[in-house]
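Asks: Got a predicted structure plus its sequence, pasted below:
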2 protein chains.
Amino acid sequence: MNHQQALTKYLAAFVGEMVNSGITEVVVSPGSRSTPIAMVMAEHPGLNLHVHVDERSAAFFALGIAKAARKPVAILCTSGTAAANYYPAIIEAGISRIPLMVLTADRPHELRDVGAPQAIDQIHLYGHNVKWFVEMSPPDGGDEMARYARTVCARAAATAMRQPAGPVHLNFPVREPLIPALEDSLFEFSERKERYVNIQQGELSLDESTLEALASAAGNGPGVIVCGPMEDERFTEAVIHLAEKLQYPILADPLSQLRSGSHDKGMIIDAYDTILRIPGARKFLEPKLILRFGAMPVSKALSLFIKENRQARQIVVDGGSGWRDPLISATEMVYCDESVFCQQLASRLDKSNNYDYVGKWQTVNQRAKEQLAEIRDVPELSEGKLFCLLADLLPHQAALFVGNSMPIRDLDTFFFHTEKQIRVLANRGANGIDGIVSTALGSAAVMKEPLYLVLGDLTFFHDLNGLIAAKLYKLNITIFLVNNNGGGIFSFLPQAEHPKHFERLFGTPLDLDFSHAIEMYGGSYVPVTDWDHFHQAFAELKDEPGLKVIEISTERDRNLSEHRNLWKSVSREIVLTIEGLDNEA
Amino acid sequence: MNHQQALTKYLAAFVGEMVNSGITEVVVSPGSRSTPIAMVMAEHPGLNLHVHVDERSAAFFALGIAKAARKPVAILCTSGTAAANYYPAIIEAGISRIPLMVLTADRPHELRDVGAPQAIDQIHLYGHNVKWFVEMSPPDGGDEMARYARTVCARAAATAMRQPAGPVHLNFPVREPLIPALEDSLFEFSERKERYVNIQQGELSLDESTLEALASAAGNGPGVIVCGPMEDERFTEAVIHLAEKLQYPILADPLSQLRSGSHDKGMIIDAYDTILRIPGARKFLEPKLILRFGAMPVSKALSLFIKENRQARQIVVDGGSGWRDPLISATEMVYCDESVFCQQLASRLDKSNNYDYVGKWQTVNQRAKEQLAEIRDVPELSEGKLFCLLADLLPHQAALFVGNSMPIRDLDTFFFHTEKQIRVLANRGANGIDGIVSTALGSAAVMKEPLYLVLGDLTFFHDLNGLIAAKLYKLNITIFLVNNNGGGIFSFLPQAEHPKHFERLFGTPLDLDFSHAIEMYGGSYVPVTDWDHFHQAFAELKDEPGLKVIEISTERDRNLSEHRNLWKSVSREIVLTIEGLDNEA
């Protein structure tokens, strides 16, 4: 068996097991050293290859697919700095617990650290930011190496998926010649046709005595349930059932997936970001117990509320066995599958009849939302109002991807619960402004629902290259580009009080006319001039396929004062509402 | 002293010492956590701040400044994936030995690994790819911490510059509030006004007996000197003097800086890439000694020649004490400053009178160049011909930046030595197609000479975001965009014989009309239709400031056959020339 045959047999074993392990999507970036891996992948009928020249965008695109499809996705690139371009998406995948299988071709051993072209040190290239690193063996043509390739592949896929999910990195040293010997029987493996090794993953659950203790503790309310970003489809029903048993309101982050859908919303509180800005409201709604699920919510006001209530018992449930406690406030860490926890606990509880506390939340929440809805009357183009309108305009089944910085915060403030099935997506692992376009497009590539993306101009600029995927693969996406010509969030931060360096270091206006970029990528572009125009553009583009960008130009200063004025007026009303409730009692 | 004052004192000490250490340029990307560092930097009159939103481009921009100015440059970004975007440029800086001081703001200790927003693991974020990593202490307001900040800064700058130069990474945990206390006396430090600590760096030189042995060895020619990429300004004169003493031809890579300038070119061989493709020529020109300087040259034919001559004594001189021997052919590694080595050795040698061997090289080189010049007659737009014309058209003082993949190879083949002072630049550390636009613009930002960039469409696309710097800072650059709609180099590789997956995996046509992007970034764009048009466009744009892009559309297939046909005809002529020389002898 010559080198090419040995290489091909080895890679075919690996690629065959990828498909056996449930991987169907691979994002490939062109390169020379990765040639045999890419060509063997292209031969497998079970793999969809997405080719993306910019590896940074490619990795985020894969992240978006994995996020939307809730399954591992592979990425493949050549040796050298190509692989370093994957780093931002890999870190995001790690923190947001998204399974990625990172495959990098490498120079073989004799070409390492000797000044060979396109050779960098790829061993542990991503440091602690991957769950598992494997320097793959060179092939030798034997069956043992094929078995090795199969088990490493199956193990890598399972490791990527195991909670907390995340990225794994397999580095393939490849010697020339780089062309595989392609034959019909490439993926046949007579020994075990179906799959080389199945990995059965258990689920974390609690023992009886721990559950009893927690059930008894949970009865000592009043308490709140805080749900941050969560992606377990069973969780919605389980947590609502638990909340009803306990009569605890659920403070539901937009990424908890609890604000949208046909489930009962009685216990869902969605205006807490506004309510908890008010000191009197925080006092009025003081809990004795806080039960947290998911990553930290986006709301800073909610964080402050949690921090101010360190006298309360604070239970953090984490199926990924992490340490989600930036406020140093937890009294208990519970490592148990979140849905299982809710079911187990609820089954041990009688329904509470203490409706007062949740009632207070419901009343205040209702009043806050009525007040916030006044943003609908703003005549000018407004970042907050956009999210109110999206709740009306999006179809019943949709995906809404939001950028970091301002959009996720405005979504939190202005996008209330709805009967529609709107899956909300964002990159909330490391909250970067990088890779958002590509992540959204990756999601759009595999989702049945139409996908809408809201992002600011700096975020849009950062990953403008990502739009190439929309062009090349004719992906459907509607982008709401909120263009305030710079970094809007900085106007909300203390440096805004220091005008000397502000615009240069933080405001950073780019003064770009994005219509050119959108035309280059074959998209439709409508810069709307007012809300009538916005509605008209939305209606016109609704059924058009492909890339569509609706640009909403806003002003950073006006946006700041609009938010501040609204919060001030809501605050006044909430204080009155609380006084009224206090007088009733 | 409150937290803000302590933080400010600490950062001012650090920033003050940056300037004392010779750093004048900082590339800053906007962010919240890095606010106090950026604001203190902005206060220092000795620093030029370049603001760049996309951290990947920002780091390459800094690399370009450092490359052009031959001094260390600092980059600063906020916490999170922002810092991961620096990775490709950091790796390139490490391998190509360019000094960078990487400054990342980080969450403070209590916000690490606890699910806090925008917090990633930044400790040793770049692994082995930086020369030094320091997790900076939080400030405490005392003078001792100011001294610590000063010495770490001075040491970091010296470490970055020390051979082999490269990147260093300092990570700053920063607590809120993030606004510094800006006062007039920010950078005063009474103890030692000038500089806290001076670092005196010695130079590697050889002892007498080693030199004698090498001088005696070098006399046993015939030999060749191979000069790869080199940036030491003293080197040109020193190596030419040594070559003349030894009567060794210098095979000068385009990045050796030996092909351009007013120095004597008698010993310079610049058509070796073509000559050494011919088996008969390799045999005819077989050396007994190979003396190598600099990184590996780009020419694959030259590599093959070195590899085929493992019977020869092969001496690799490296002032950076690396291991530049991908061909596993070295017999000696000499760790000595390259210029010092040439001077020391030359001073111990009598001038050789063995002119035969160098004469053969000179004759063959002359003949090859005459033949290669026939590409000037090609009527169609041609990638190779472009470089012949550039030699004519570029002004007497200029910088020529070339992309990887095809441009650097065509430069090697078609850009012969010239009396003009043309500094040739490229990213030949890891040879990536990433970050080329930004690296070139960074160089353009600090060079007096006009800068010309030649790159392909995939490379241009990969760093399209980099063009924002040209727009925002009104940088002058002329870009020759060689657009063959895809990855031209793959047509030269074996996969071109496998049409089934070729276009999808390797050809990867993007079908982009770049005029839109160039208009967005405020540049002039001329897609030339033929060579007359090219000359006309060059003349018209010559004195225009700003971003100028001349697009030369070519065809990958025609380019391949043009190269192959030319090499075939040159080969025929060289074989005849060698037969003629053999008959004479």
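Replies: Thanks, I have the structure now.
Asks: which ones are touching residue A:276?
Replies: Each residue near residue A:276 by Cβ atoms under 8 Å, 6 or more residues apart in numbering or on different chains is listed here: A:282, A:285, A:299, A:301-302, A:304-305. All C-beta atoms are positioned from the backbone trio N, CA, C, and that covers glycine.
Asks: try residue A:353
Replies: Shown in contact with residue A:353 (Cβ under 8 Å, 6+ apart): residue A:247.
Asks: do the same with the one 10 residues further on
Replies: Counting by Cβ under 8 Å, 6+ apart, residue A:363 makes contact with A:577, A:581.
Asks: Put the alpha carbons of the host helix or strand of it into PDB.
Replies: Applying DSSP states H and E as the criterion places residue A:363 in helix A:356-372. What follows is helix A:356-372, C-alpha atoms only, in PDB (Å, rounded to 0.1, in the frame of the first residue of the first chain):
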ATOM      1  CA  ASP A 356     -49.000  37.900  46.900                       C
ATOM      2  CA  TYR A 357     -45.400  38.100  45.900                       C
ATOM      3  CA  VAL A 358     -45.900  37.000  42.300                       C
ATOM      4  CA  GLY A 359     -48.900  39.200  42.200                       C
ATOM      5  CA  LYS A 360     -46.800  42.200  43.000                       C
ATOM      6  CA  TRP A 361     -44.400  41.300  40.200                       C
ATOM      7  CA  GLN A 362     -47.200  40.800  37.700                       C
ATOM      8  CA  THR A 363     -48.800  44.200  38.500                       C
ATOM      9  CA  VAL A 364     -45.600  46.100  38.300                       C
ATOM     10  CA  ASN A 365     -44.600  44.200  35.200                       C
ATOM     11  CA  GLN A 366     -47.800  45.000  33.500                       C
ATOM     12  CA  ARG A 367     -47.600  48.700  34.400                       C
ATOM     13  CA  ALA A 368     -44.000  48.900  33.200                       C
ATOM     14  CA  LYS A 369     -44.800  47.400  29.900                       C
ATOM     15  CA  GLU A 370     -47.700  49.800  29.300                       C
ATOM     16  CA  GLN A 371     -45.300  52.600  30.000                       C
ATOM     17  CA  LEU A 372     -42.500  51.300  27.900                       C
END
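Asks: C-terminal to that helix, what's the next element?
Replies: For helix A:356-372, the following helix or strand on the C-terminal side (DSSP H and E) is helix A:383-393.
Asks: Touching, residue A:556 and residue A:488? I think so.
Replies: Yes: with contact defined as Cβ atoms under 8 Å, residue A:556 reaches residue A:488; the gap is 5.1 Å.
Asks: rewinding a little: next, give me the two most distant ones among the contacts of residue A:276.
Replies: With distances taken as Cβ to Cβ, the most widely separated pair in the contacts of residue A:276 is A:285 and A:299, at 13.9 Å.
Asks: Tell me, how many residues neighbour residue A:286?
Replies: 15 (other Cβ atoms under 10 Å in any protein chain shown).
Asks: Is it in contact with residue A:309, as I believe?
Replies: Yes: between residue A:286 and residue A:309 a contact is recorded at 6.4 Å, counting by Cβ under 8 Å.
Asks: and residue A:556 and residue A:488? which has more neighbours close in?
Replies: Neighbour count, other Cβ under 10 Å: between residue A:556 and residue A:488, residue A:488 has more, with 26 against 21.
Asks: residues contacting that one?
Replies: By Cβ under 8 Å, 6+ apart, the residues touching residue A:488 are A:383, A:405-406, A:456, A:482, A:554, A:556, A:559.
Asks: Check the gap between it and residue A:178 for me.
Replies: From residue A:488 across to residue A:178, the span is 48 Å (Cβ to Cβ, to the nearest Å).
Asks: State the distance from residue A:150 to chain B.
Replies: 23 Å (Cβ to the nearest Cβ, to the nearest Å).
Asks: which of the residues in the longest helix along chain A are buried?
Replies: Determined from DSSP state H, the single longest helix within chain A is helix A:556-584. Neighbour-count burial for helix A:556-584 flags A:556, A:558-560, A:562-563, A:566-567, A:570-571, A:573-574, A:577-578, A:581 (criterion: 16 or more other Cβ atoms under 10 Å in any protein chain shown).
Asks: Please apply the same query to stretch A:293-308.
Replies: Within stretch A:293-308, the residues that qualify as buried are A:293-299, A:301-303, A:305-306, A:308, counting by 16+ other Cβ under 10 Å.
Asks: Now, these that are in strands?
Replies: Among the buried residues of stretch A:293-308, DSSP state E puts residue A:293 in strands.
Asks: okay, the buried residues of stretch A:293-308 in TSV with distance to chain B and pLDDT next?
Replies: Listed next are the buried residues of stretch A:293-308 as TSV, based on distance: Cβ to the nearest Cβ, whole Å; pLDDT from 0 to 100:
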residue	distance to chain B	pLDDT
A:293	12	98
A:294	10	97
A:295	6	97
A:296	5	96
A:297	10	97
A:298	8	96
A:299	11	97
A:301	14	97
A:302	12	98
A:303	9	97
A:305	16	98
A:306	12	98
A:308	17	97
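Asks: Run through the residues of the stretch 301-450 of chain A sitting next to chain B.
Replies: A:322-326, A:328, A:428, A:430-432, A:434-435 (Cβ under 8 Å from any Cβ of the partner chain).
Asks: gap between stretch A:30-39 and the chain center?
Replies: 30 Å (Cα atoms, centre = their mean, to the nearest Å).
Asks: gap between the two ends of that stretch?
Replies: Counting by Cα to Cα, to the nearest Å, you get 11 Å between the two ends of stretch A:30-39.
Asks: Please apply the same query to stretch A:249-257.
Replies: End-to-end distance of stretch A:249-257: 16 Å, with Cα to Cα as the criterion.
Asks: tell me, how many neighbours does residue A:42 end up with?
Replies: 19.
Asks: Not counting its neighbours along the chain, what's nearest it?
Replies: Nearest non-adjacent residue to residue A:42, counting by Cβ to Cβ, 6 or more residues apart in numbering or on different chains: residue B:501, 4.4 Å away.
Asks: go on, residue A:494?
Replies: In space, and not counting its chain neighbours, residue A:494 is closest to residue B:179: 4.9 Å by Cβ to Cβ, 6+ apart.
Asks: Can you tell me how far the one you found is from residue A:496?
Replies: From residue B:179 across to residue A:496, the span is 10 Å (Cβ to Cβ).
Asks: Show me how chain A divides into domains.
Replies: As given by automatic domain parsing, the domain ranges for chain A are A:3-173, A:208-354, A:381-553.
Asks: Figure out which of the ones you listed is closest to residue B:365.
Replies: In terms of Cβ to Cβ, the element of the domains of chain A nearest to residue B:365 is domain A:3-173, at 24.2 Å.
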